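Trainee: model this:
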Amino acid sequence: MKGLYRQKRTWWFRFTLAGKQHRVSTGTRDEAEAIRVAEKILRDGPEGKASTRVWGGSIDAYCDRKLKAGKFRPGTVGRVKSTLRVFAAQSECKTPEDVKLSHLEDYYNSRRMKSEAGARSTLATIQAFLADVGLLRERVEFDPGSKPERCEVVVYREDSERWIVAAPRDDLKFVLYCGFHAGMRAGEIRYSRPPWFDLRRGVLTIPAKELQTTPNGKRVLCEIKDRESRSIPLTPDFREFLRTFLADCRGHCLVSKLKSDDGLYDFRRPFWNLAKKMGRPEVSPHAMRHSWITELCNSGNHSMQEVAAWSGDTLETIERHYWHKKVEPGALDATFAGKRKGAEILEKLDKILAAGVGDRDGRLRELKAREVAWQHGVGAELTREEQIELAGLLYLSSIERSKG
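Mentor: Below you'll find the model as predicted:
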């Protein structure tokens, strides 16, 4: 049986509970008896410890249902499982049926001390799980005077370069480049594959959905948040790093050398450790995306439409959630230079709109077809004006779909 081993002629059992590894003596020298003791531990939990056997089965079944129904993406499953398992361990409830409203309130109050938004998000995950399995219809009531804070954590370019240099491993450097230089989401980074990176053209293309086989042989459907593929230009530094890094990659960019659910490198703990080392423990992997969008918007070198197309978000989302205006001499001029470029592009698009929807749709199809053809080595690359026009047309198209 996996986990059983001998120590001084007595059988011991090694197992994982609530994310921590434990070793328990079975108290016998007989292997058959030791197996029975180990099975009892897995079924009922060790003496004095909250059992996660029932939790584990319920959590796995819940996530499997959501994944098959298309409600969860593969990256979401790992986050949800982790959230529920941590709650199970800290609440000391042996089964989901034991959870009371007071447990949720205590957990929420402990989490909100660090982040109100984080506490609400965590609690929503737990309550959604409990409602799905038909338990505890009561809900925690939030303080009406409190509201989720907007993420204000940004690492500016001069500091992010120091993070990359300080990263102890190349796979963590890859994660930092993906976040700080390309604005990729955590799930996109984890499931990234070498074919996404076209070093000849200097472009990263993230597919809307992709059926993948993970290193441990599992077949998963990876679908990005906005459900629309997007292309992002690679910075010279990122491109140079990839020339060496991708040479050793097979299948996926981040393969774990340790045991994991999907065989992929879980960079969360190494990232947190680096953040603490750099004196910024509040920085999360998603803050890299905030930093990237902020740098692009504040530079004045790119239109808002370009940033929206590269990031896969709407202009409204970028301005409301991602763009952190820099208070520095000259930053205001740079910021509004970007807005002026955006106004010029919108003026050009207004002329296309005036020609009729059919004409605009035809132009969008033409530009998209030429871009795809060039990606496959046929024809010439779109000019910068045409690239900007395509980005704007894609944005307007997404707005129409959302209204429809």
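
Trainee: tell me where this protein is predicted with low confidence.
Mentor: Within the chain, the stretches with pLDDT under 70 are 1, 16-21, 42-54, 113-114, 143-152, 258-261, 325-360, 375-378, 384, 395-404.

Trainee: return the set of buried residues in the top strand by length along it.
Mentor: With residue count as the measure and DSSP state E as the assignment, the chain has strand 10-17 as its longest strand. Applying a neighbour-count criterion of 16 or more other C-beta atoms under 10 Å, the buried positions in strand 10-17 are Trp11, Trp12, Phe13, Phe15, Leu17. Backbone N, C-alpha and C define where each C-beta goes, glycine included.

Trainee: measure the residue nearest the centre of the chain to Val154 for me?
Mentor: Nearest to the mean C-alpha position of the chain, by C-alpha atoms, centre = their mean, lies Ala186 at 2.7 Å. Look at Ala186 and Val154: by C-beta to C-beta, to the nearest Å, they are 17 Å apart.

Trainee: re earlier: show me what the longest strand of the chain is packed against.
Mentor: Helices and strands touching strand 10-17, as assessed by 3 or more C-beta pairs under 8 Å, 6 or more residues apart in numbering; DSSP states H and E, comprise strand 4-7, strand 20-25, helix 31-44.

Trainee: kindly reformat these as a markdown table containing mean neighbour count and distance to Leu67.
Mentor: Shown next, in a markdown table, are these (neighbours: other C-beta atoms under 10 Å; distance: least, C-beta to C-beta, whole Å):
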| stretch | mean neighbour count | distance to Leu67 |
| --- | --- | --- |
| strand 4-7 | 12 | 32 |
| strand 20-25 | 12 | 26 |
| helix 31-44 | 15 | 24 |
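
Trainee: among these, which is nearest Asp60?
Mentor: Closest approach to Asp60 among these is made by helix 31-44 (14.1 Å; C-beta to C-beta).

Trainee: send the alpha carbons of that closest one over as CSV?
Mentor: This file holds the C-alpha atoms of helix 31-44, laid out as CSV (Å, rounded to 0.1, in the frame of the first residue of the first chain):
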residue,chain,number,x,y,z
GLU,A,31,2.0,-5.9,7.2
ALA,A,32,-1.6,-7.0,6.7
GLU,A,33,-2.6,-5.5,10.0
ALA,A,34,-0.7,-2.3,9.1
ILE,A,35,-2.7,-2.0,5.9
ARG,A,36,-6.0,-2.3,7.8
VAL,A,37,-4.8,0.5,10.2
ALA,A,38,-3.8,2.7,7.3
GLU,A,39,-7.2,2.2,5.6
LYS,A,40,-8.9,3.1,8.8
ILE,A,41,-6.8,6.3,9.0
LEU,A,42,-7.8,7.3,5.5
ARG,A,43,-11.5,6.5,6.2
ASP,A,44,-11.9,8.0,9.7
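
Trainee: now it against strand 10-17, angle please.
Mentor: 20 degrees (axes from the mean of the first three to the mean of the last three C-alpha atoms, to 10 degrees).

Trainee: who are the packing partners of helix 31-44?
Mentor: Contact partners of helix 31-44 among helices and strands, from 3+ C-beta pairs under 8 Å, 6+ apart: strand 4-7, strand 10-17, helix 53-68.

Trainee: could you dump the ones you listed to TSV with distance to Arg120?
Mentor: Written out in TSV, the entries for those read as follows (distance: least, C-beta to C-beta, whole Å):
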stretch	distance to Arg120
strand 4-7	43
strand 10-17	28
helix 53-68	20
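
Trainee: hey, where'd the helices end up in the stretch 201-350 of the chain?
Mentor: Using DSSP state H, counting those that start in this stretch, the helices assigned to the stretch 201-350 of the chain run over residues 236-245, 268-277, 285-299, 304-311, 315-317, 331-354.

Trainee: give me the phi and psi for Ser256.
Mentor: Here the main-chain torsion angles of Ser256 (degrees, to the nearest 10) amount to phi -80, psi 140.

Trainee: that one: neighbour count?
Mentor: If you count neighbours by other C-beta atoms under 10 Å, Ser256 ends up with 17.

Trainee: do I have it right that it meets Tyr265?
Mentor: Yes: between Ser256 and Tyr265 a contact is recorded at 4.5 Å, counting by C-beta atoms under 8 Å.

Trainee: hmm, who's touching stretch 153-165?
Mentor: 173, 176-177, 180, 274, 278, 280, 282-284, 287-288, 290-291, 294-295, 324, 326 (C-beta atoms under 8 Å, 6 or more residues apart in numbering).

Trainee: show me just the buried residues among those.
Mentor: 173, 176-177, 180, 274, 278, 283-284, 287-288, 290-291, 294-295, 324, 326.

Trainee: what is the nearest of those residues to Asp60?
Mentor: Distances from Asp60 to these, taken by C-beta to C-beta, are shortest for Ser284, at 26.1 Å.

Trainee: what's the nearest residue to the closest one if we skip its chain neighbours?
Mentor: Val153 (7.1 Å; C-beta to C-beta, 6 or more residues apart in numbering).

Trainee: let's have the helices and strands packed on strand 10-17 in CSV, adding distance to Asp198.
Mentor: What follows is the helices and strands packed on strand 10-17, written out as CSV (distance: least, C-beta to C-beta, whole Å):
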stretch, distance to Asp198
strand 4-7, 49
strand 20-25, 42
helix 31-44, 48
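
Trainee: okay, the angle between the longest strand of the chain and helix 53-68?
Mentor: With the same axes, to 10 degrees defining the directions, strand 10-17 sits at 40 degrees from helix 53-68.

Trainee: and strand 10-17, which strands flank it?
Mentor: According to DSSP bridges, strand 10-17 forms sheet pairs with strand 4-7 (antiparallel), strand 20-25 (antiparallel).

Trainee: just the CA trace of that strand, in PDB.
Mentor: What follows is the C-alpha trace of strand 10-17 in PDB, where atoms were taken according to Å, rounded to 0.1, in the frame of the first residue of the first chain:
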ATOM      1  CA  THR A  10       7.400  -1.500  12.900                       C
ATOM      2  CA  TRP A  11       5.200  -0.300  10.100                       C
ATOM      3  CA  TRP A  12       4.500   3.400   9.700                       C
ATOM      4  CA  PHE A  13       2.100   5.200   7.500                       C
ATOM      5  CA  ARG A  14       2.900   8.500   5.700                       C
ATOM      6  CA  PHE A  15      -0.100  10.500   4.300                       C
ATOM      7  CA  THR A  16      -1.100  14.100   3.500                       C
ATOM      8  CA  LEU A  17      -3.800  15.900   5.500                       C
END
